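> I would like to see how this sequence folds:
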Amino acid sequence: MGRRDREAVARGTRLYEAAQAVAADHERAVEEVRAALAPICDGLAARELDAIPVARLKEVTEGGLRLGEVERGGFRTVGQVLDAGPYRLRQIPGVGRQTAAQAVAAARRIAEAVRETIAVCIDVDRPDPRTTALLVALHVLVEAGPEARRALAAARALTCRLGPLLDAARLVPCRLRLLLAGGAARERALKAASEVRALIGRAEREGVPRLLAQASVDLLRGPPTELAALVDFELRPAEYYRLIAEIADQRPDPAAAEAAADVSGTALVRRIVEDEQARLGAFRGGP
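Numbers count the residues shown, from 1 in each chain. Next up, the predicted model:
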């Protein structure tokens, strides 16, 4: 035991921190895209939900929901029911707690299915503030390119492997603590330090530190001007749409998990949404 082990732990700690920084920088860039994407998706979903008649909620519950009083209370669309929530629905005479809860749960299921079908389209000839903000946020990730994705994968793998090893080797940097430790603890710490050294050597041979450093620089670049983002989107739209699709495939809405037991399966809900989109497409004169 000695200087070589202490240096290995110190180098391992620096590499571990660099890996964590890359993961955090990437997550921050993704969160900025999500923040820009959310109002666009919300607007598209609201438009669809405000065109779906409230009567379709009855199909979601396979006929187990009575909606007459809800409709007489002025709620004509799925979007209106979703916006109202259970409390407001219960203020309608004749609408009880169970009916209100089931109606909102069914509306959430339809909203979830609608969101799965949303396609964000960007028209550079008619840019609006929301889509332009989305392109500005996406530009960082597009510009970072596939090397940033490689760096992220390497950072996650390193964090997973180095974290436990550095924890096991925590006695090594302090010679006194290591000497005072029991034989078994000292042996575990030194073995972990040896594994850290081997892992660092392999990472350095594969160019991982350099890859992480470059990714940090790329992910921390300042945002482009709106014009630069629009021009870049015209040059490589596929990259932007790939990232939109990847990031839009988000975690399920937690509210959807609260759906009442009487709400039926996903396949039925999707069929209802597809029927309504086909009807609205025909009504609007488009696909």
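
> show me the contacts for A29.
Contacts for A29 (CB atoms under 8 Å, 6 or more residues apart in numbering) come out as 137, 140-141, 144, 219. Bear in mind the C-beta positions are built from the backbone N, C-alpha and C, glycine included.

> now R197
4-5, 8, 12.

> Could you list the low-confidence segments of the stretch 101-250 of the chain?
170-187, 250 (pLDDT under 70).

> And the helices in it, which stretches?
Using DSSP state H, counting those that start in this stretch, the helices of the stretch 101-250 of the chain run over 129-168, 175-180, 183-205, 208-219, 226-235, 237-248.

> Can you tell me which helices and strands the longest one packs against?
In this case it means helix 129-168. helix 3-49, helix 183-205, helix 208-219, helix 226-235, helix 237-248 (3 or more CB pairs under 8 Å, 6 or more residues apart in numbering; DSSP states H and E).

> mind listing what's buried in it?
Buried positions in helix 129-168, judged by neighbour count with 16 or more other CB atoms under 10 Å: 131-142, 144, 148, 151-152, 154-155, 158-159, 161-162, 165-166, 168.

> residues touching V22, list them.
By CB under 8 Å, 6+ apart, the neighbours of V22 are 151-152, 155, 212, 215-216, 219.

> Over to A36?
Shown in contact with A36 (CB under 8 Å, 6+ apart): 130, 133-134, 136-138.

> got it, and Q214?
Residues in contact with Q214 (CB under 8 Å, 6+ apart) are 147, 151.

> State the distance from it to A45.
38 Å (CB to CB, to the nearest Å).

> before we move on, what about R156?
Counting by CB to CB, the separation of R156 from A45 is 32 Å.

> Same list, the contacts of V22, but as a markdown table with distance to R202 please.
As requested, the contacts of V22 are exported to a markdown table (distance: CB to CB, whole Å):
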| residue | distance to R202 |
| --- | --- |
| A151 | 16 |
| L152 | 18 |
| A155 | 15 |
| L212 | 14 |
| A215 | 19 |
| S216 | 21 |
| L219 | 24 |
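
> Can you tell me which of those residues is closest to L230?
For these, the residue nearest L230 by CB to CB is L219; the value is 21.4 Å.

> Quick check: the closest one touching E143?
No - contact criterion CB atoms under 8 Å: L219 and E143 do not qualify, at 9.3 Å.

> Let me have the helices of the stretch 101-250 of the chain in TSV, adding distance to V95 as columns.
Putting the helices of the stretch 101-250 of the chain into TSV (distance: least, CB to CB, whole Å) gives the following:
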stretch	distance to V95
helix 129-168	36
helix 175-180	68
helix 183-205	62
helix 208-219	51
helix 226-235	47
helix 237-248	35
